[in-house]
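Enquirer: Structure, please.
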Amino acid sequence: MAGHRQRTGQRVINWDRLGKTARKAVETPILKRFNDPNRAREFAIEAGDLLFDYSKTSMDEAGRSLLLEMFDESAIPSRRQAMFGGDSINETEGRAVLHTALRNQAGAPVMVDGRDVMPGVLGTLSRMERFAEGVRDGGIRVTGGKVTDVINIGIGGSDLGPAMAALALAPYHDGPRCHFVSNVDAAHVNDILLPLKPETALVIVASKTFTTVETMTNADTVRKWIGESLGDEDAGSHFVALSSAEERAAAYGIGPERVFGFEDWVGGRYSVWGPIGLSLMIAIGPEAFRAFLSGGHAMDLHFQAAPPLQNMPVMLALTGLWHNQGLGYATRAVLPYEQRLSRFPAYLQQLEMESNGKSVSMNGSDLPVHSGPVVWGEPGTNGQHAFYQLIHQGTRVTPCEFMIGAAGHEDEVAHQHRLLVANCLAQSEALMKGRSLAEARALLGDNYSGEELELQARHRVFSGNRPSTTLVYPKLTPFVLGQIVALYEHRVFVEGAMLGINSFDQWGVELGKALARDLEPVVSGEADAGDKDASTAQLVSFVQRHSG
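Expert: Numbering: from 1, shown residues only. Model (predicted):
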């Protein structure tokens, strides 16, 4: 990439300096840094119910000081104030970025274009609560009586947010069962509908414009399923719209009392806090949903008030920049040791990669450094029997972000949670410590000798010195989940602002969707593939021959 200096606001960031500092720091083994008895305490932050430990990284005092200097150079406090204040920081779309207002339950004024948006936010929240309670207690009924199953149809943030949170908060479910349909692949909606009864199903269609192709295609399929069983005239009473397009919802048979809109300053991947979270609210109840909002709001207050060194989103972001832009580690693994957070890595894939997967800065110039990393992961301990081999002994370094609760919800089998905690902490320790050739020889000396000992020992060497962070929380409650989600949202904001990019648009998803619209009539045989490249034409031909 050309050059390594970048203008952010009116200041210039020297990324070369970060690279040189990081490469020098990594020469000292992470384990050796713990010769300083204060290392663990000084490279960790507590905020609310969370502890973030980044001491098992190569970051040293010099590197951290440089990162904090770069943070100051980026003028992030003023940009943060602009975001919370309702300024149009999403410059390419001319929009404010105010998902934080959705969890501002205190109702302190938030101004957008001279108008306080909080009365509308709180009014919508109250409407959601009344509707959710009605569904839960049977006051709001469908053709077959009380709702037994809620089907949320959305894609992207309209699916990943509520689906992730609903699974994470399963112990708090005391309402109807919730199901999530996103993929336009008919197998997804078919498999969800198969065991359900249309007469007791409530369908939530989550699309701001009510035109999202995948969402509306799935909605049409579910509407047909209900109509074939109950009659088309009753189908509309089974639907709810999370949309700002009231007229389109009305044409679909959804009355205004069942339409919950939201403003264009709420991006899809940040939308679980508002109407997009209706399915979650129905599942866990308004009180638990408010606790989720409160957790997010608590992290907002911390992010705005804490100085950078004690600011958890800031230091999480700076650690990410240290690994990616400083040391060139192109991916990071998110490893929740919590089965109910199994969708959290996928949620973060969208949050981080759609937000910061850019190559152009706010002023239109090419970025001088790589932008966001590839984010991936699976829950522990499953991952230990899958890809941890590569993490421990592969040729590339993958920074790992562990997550673990001090306690689980299943008191009767608490010993299993202790085993889970032990595995999580052992993995971060093993990544740091490794195993030397001498240690491997000693381990195998009773069973092998000579050349065979040397060969076998080589296969059991772990290089160690591989970085990880650990986020610990007491138990995965609605409040704690709110804190965690907001923590990662603000991490994205800080990393994006440091890189000088717009974290709140997503133009990269547009081209493929436009080409798909053009290709659909080609695939169906209604149009000719003559103007397509030879590869695409060949693939279309194969599909047509084998599609029946």
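
Enquirer: quick one: Ala486 is in a helix?
Expert: Yes - counting by DSSP: H, G, I helix; E, B strand; the rest coil, Ala486 falls inside a helix.

Enquirer: For it, give me its contacts.
Expert: Residues near Ala486 by Cβ atoms under 8 Å, 6 or more residues apart in numbering: Thr100, Arg103, Gly295, Gly296, His297, Ala298, Met299, Asp300, Phe303. In short, each C-beta sits where N, CA and C put it, glycine included.

Enquirer: Which pLDDT value belongs to it?
Expert: Ala486 is assigned 98 on the pLDDT scale.

Enquirer: again with Tyr252
Expert: Looking at Tyr252, its pLDDT is 94.

Enquirer: thinking it is in contact with Ala241, fair?
Expert: Yes - the criterion here is Cβ atoms under 8 Å, and Tyr252 meets it with Ala241 at 7.2 Å.

Enquirer: Now list whatever residues contact both of the two.
Expert: In contact with both Tyr252 and Ala241: Val205, Phe210, using Cβ under 8 Å, 6+ apart.

Enquirer: of those two, who's got more company?
Expert: Using other Cβ atoms under 10 Å, the more surrounded residue of Tyr252 and Ala241 is Ala241, with 26 against 20.

Enquirer: I'd guessed that one sits against Phe260; true?
Expert: Yes - with contacts counted by Cβ under 8 Å, Ala241 reaches Phe260, the gap being 7.3 Å.

Enquirer: Now find how far off-centre stretch 407-423 is within its chain.
Expert: For stretch 407-423, the distance from its own C-alpha centre to the chain's C-alpha centre is 25 Å (Cα atoms, centre = their mean, to the nearest Å).

Enquirer: how far away is Phe402 from Leu51?
Expert: 12 Å (Cβ to Cβ, to the nearest Å).

Enquirer: Now the common contact residues for those two.
Expert: By Cβ under 8 Å, 6+ apart, the residues touching both Phe402 and Leu51 are Leu471.

Enquirer: Looking at the two, which has the bigger crowd around it?
Expert: Phe402 (24 against 16).

Enquirer: That one: what secondary structure?
Expert: Going by three-state DSSP: Phe402 is strand.

Enquirer: bridging residues for it?
Expert: Leu335, Thr470 (DSSP bridges).

Enquirer: Can you tell me which residue sits nearest the middle of the protein?
Expert: Leu348 (2.3 Å; Cα atoms, centre = their mean).

Enquirer: residues in contact with that residue?
Expert: Taking Cβ under 8 Å, 6+ apart, one finds Val334, Val375, Gly377, Tyr488 in contact with Leu348.

Enquirer: cutoff 7 Å now
Expert: Val334, Val375, Tyr488 (Cβ atoms under 7 Å, 6 or more residues apart in numbering).

Enquirer: Next SSE downstream of the helix or strand hosting Glu489?
Expert: Element membership of Glu489 [criterion: DSSP states H and E] is helix 478-499. Using DSSP H and E, the helix or strand that follows helix 478-499 towards the C-terminus is helix 510-523.

Enquirer: Using PDB, write out the CA atom coordinates for that next one.
Expert: Written as PDB, here are the backbone C-alpha positions of helix 510-523 (Å, rounded to 0.1, in the frame of the first residue of the first chain):
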ATOM      1  CA  GLU A 510     -24.300  -3.200  -3.400                       C
ATOM      2  CA  LEU A 511     -22.600  -4.500  -6.500                       C
ATOM      3  CA  GLY A 512     -23.200  -8.100  -6.000                       C
ATOM      4  CA  LYS A 513     -26.900  -7.500  -5.200                       C
ATOM      5  CA  ALA A 514     -27.300  -5.400  -8.400                       C
ATOM      6  CA  LEU A 515     -25.700  -8.100 -10.500                       C
ATOM      7  CA  ALA A 516     -27.900 -10.700  -8.900                       C
ATOM      8  CA  ARG A 517     -31.000  -8.800 -10.100                       C
ATOM      9  CA  ASP A 518     -29.600  -8.900 -13.600                       C
ATOM     10  CA  LEU A 519     -28.700 -12.500 -13.400                       C
ATOM     11  CA  GLU A 520     -32.000 -13.900 -12.200                       C
ATOM     12  CA  PRO A 521     -33.800 -13.800 -15.600                       C
ATOM     13  CA  VAL A 522     -30.600 -15.300 -17.100                       C
ATOM     14  CA  VAL A 523     -30.700 -18.200 -14.700                       C
END
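
Enquirer: now for stretch 359-370, what's the gap between its first and last residues?
Expert: 8 Å (Cα to Cα, to the nearest Å).

Enquirer: In this structure Ala101 contacts Val121, no?
Expert: Yes - with contact defined as Cβ atoms under 7 Å, Ala101 reaches Val121; the gap is 5.5 Å.
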